[in-house]
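>>> sequence first, then the predicted structure, then my questions.
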Amino acid sequence: MEEQLELKTLSILYVEDDAILRDEFSEILGRLYGKITAAKNGKHALFLYEELLSKKTPPDIIISDVDMPVVNGIEFLETIRKTNEKIPFIFTTAHSDVNYLLKSISLHVSEYLIKPININDLKSKIEKLFTNIVHQIKELSSDEELSKYIDVVNQVAIVSRTDKKGIITYVNNLFCEVSGYTQEELIGSNHNIVRHPENAGLFFKKMWIDLTKGKSWKGKIKNLNKNGEDYYLMPTIIPLYENEKIHEYVSISFLTTDLEVKNREFKKKVMTNYQESRKTSLSANQKIEALEKKSKHLNIIKDAYEKEKIKSNELQTQLSGVEEELEQTDNKIRNIIGLAQEKVLKAVSLIKSEKQNNKSTIEKFDSMQENIYDKDLHIRHLDDDINKKDKRIIDLEDVITHQEEELDEIKSKTK
């Protein structure tokens, strides 16, 4: 119930260049959560973000499209990360491009949603991020309270840390001074490196049973330093939790021998070293969280890669089919070209033969034409001779006729 009430105070900066989608999701988010500030592109979003900062009302979460005009989502996130590395950032996009994913991960994007967006998926991711924010705030407050107590305890304490298997992950300088071992020798070793052989195994078994149940353990332990000397400690061992599970154990011990008096000068160092261990642990946890995020995004990349691989295989299969068809077509074309070349050679041969025959025919035709011309000329000459002879005959007939008329006239006169 408390978290549901807190969700109503959640401030979201929502960036989307599609006006219809922007209005629709702004209304939905507004009903579910607190203040929704909508921007139409990366440039507009940067302006609104700076305005919210100036009013000391920064957004708790940013949701942004990737592919936008003026300033795209990647450029927008890159600018945000220059001043704020922790604000939760959700990308929405219609593309599963691997390059986008890799760039997003390098800029510590919190979540990645592929369009079309399922509102329940978006709601789940927002509330998960908000829960993380609340837990971080609570853990920070808890750490601050714990630091106050540790500052007091560190004035007289020897501090060590182990993982769930009893492997040492941290020791302070006073622990090294008392045990005689260096930090390099201790870190990575089991805590029983300083165990005295006189201690019964049943004693430690009972201690670990209590610790694994989440109980703190107090008692007196006889240890053995590197030089073979005995020393006694009164440790308090506390389980530390992460995500409601035991993550490691912290041992805060007090010397019960004269060494305690001799090592008073190291008390301040103990405090400093333990505080440094807290910082180191916090840094390590942040790195682990970043690696977990990368792992989550790598799964997205892996899915995108597998999809691209399937597409590539399909295209390769299609390409192989096309190459086979092209090869068959090429063979057909070569056969056609071969047959065409044979036909062309035959046609050329026939043309040459026909041309030769035509030449002979033309020569014969020309010779015949010349003979015809000569005969025609001869005929004309003969025709002229005939005409001339015809004319002479006519002329002779006229003469004969005239002579006959004269003879007839003479005959008539002689009678």
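Right, received. Where do you want to start? The model shown is predicted, which means the values in this text are computed figures rather than measured ones.
>>> could you say what helices and strands the strand or helix carrying residue 352 packs with?
For residue 352, the host element (DSSP states H and E) is helix 267-414. Using 3 or more Cβ pairs under 8 Å, 6 or more residues apart in numbering; DSSP states H and E as the contact criterion, the elements in contact with helix 267-414 are helix 98-106, helix 119-153, strand 158-162, strand 168-171, helix 173-179. For glycine as for every other residue, the C-beta is placed from the backbone atoms N, C-alpha and C.
>>> again, 6 Å this time
helix 98-106, helix 173-179 (3 or more Cβ pairs under 6 Å, 6 or more residues apart in numbering; DSSP states H and E).
>>> least reliable of the ones you listed by average pLDDT, please.
Lowest mean pLDDT within the helices and strands packed on helix 267-414: helix 98-106, at a mean of 70.
>>> restricting to C-alpha, output the next helix or strand after that helix in PDB.
If you walk from helix 98-106 toward the C-terminus, the next helix or strand you reach (DSSP H and E) is strand 111-114. Provided in PDB are the C-alpha atoms of strand 111-114 (Å, rounded to 0.1, in the frame of the first residue of the first chain):
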ATOM      1  CA  GLU A 111      15.200  -0.900 -20.000                       C
ATOM      2  CA  TYR A 112      14.500  -1.400 -23.700                       C
ATOM      3  CA  LEU A 113      10.900  -1.800 -25.100                       C
ATOM      4  CA  ILE A 114      10.200  -2.800 -28.800                       C
END
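>>> packing partners of strand 111-114?
Under the contact criterion of 3+ Cβ pairs under 6 Å, 6+ apart, strand 111-114 touches strand 89-93.
>>> pLDDT averaged over stretch 76-88 - what is it?
pLDDT averaged over stretch 76-88 gives 88.
>>> pull the residues that contact that stretch.
For stretch 76-88, contacts defined as Cβ atoms under 6 Å, 6 or more residues apart in numbering pick out 42, 45, 61, 89, 107, 110, 129.
>>> so which bits of the longest strand along the chain are buried?
Counting residues, the longest strand in the chain under DSSP state E turns out to be strand 245-253. Residues 248-253 are the ones in strand 245-253 that count as buried (16 or more other Cβ atoms under 10 Å).
>>> show me what it is packed against.
Here strand 245-253 touches strand 158-162, strand 236-242, going by 3+ Cβ pairs under 6 Å, 6+ apart.
>>> average pLDDT across stretch 42-49?
92.
>>> residue numbering should commence at 875 henceforth.
Fine by me, first position is 875 from now on; the one you just mentioned is stretch 916-923.
>>> list the buried residues in that stretch.
Residues of stretch 916-923 classed as buried by neighbour count (16+ other Cβ under 10 Å): 916-920, 922-923.
>>> narrow those to those in helices?
916-920, 922-923 (DSSP state H).
>>> tabulate the residues you listed in TSV, adding columns for distance to residue 993.
Output for these, formatted as TSV (distance: Cβ to Cβ, whole Å):
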residue	distance to residue 993
916	23
917	27
918	23
919	21
920	26
922	23
923	24
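>>> hey, least reliable of the helices and strands packed on strand 1119-1127 by pLDDT?
When I compare the helices and strands packed on strand 1119-1127, strand 1110-1116 is least confident, with a mean of 84.
>>> rewinding a little: for PyMOL, what selects the buried ones among the contacts of stretch 950-962?
For the buried members of these, the matching PyMOL selection, counting by 16+ other Cβ under 10 Å, is:
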select buried, resi 916+919+935+963+981+984+1003
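>>> residues in contact with the one helix or strand residue 1084 maps to?
When secondary structure is defined by DSSP H and E, residue 1084 falls within helix 1075-1086. Under the contact criterion Cβ under 6 Å, 6+ apart, helix 1075-1086 has outside partners 1091, 1113.
>>> near the residue lying closest to residue 906 once chain neighbours are set aside, how many other residues are there?
What sits nearest to residue 906 in space, not counting adjacent residues and going by Cβ to Cβ, 6 or more residues apart in numbering, is residue 997, at 6.4 Å. Applying other Cβ atoms under 10 Å, we find 15 residues neighbouring residue 997.
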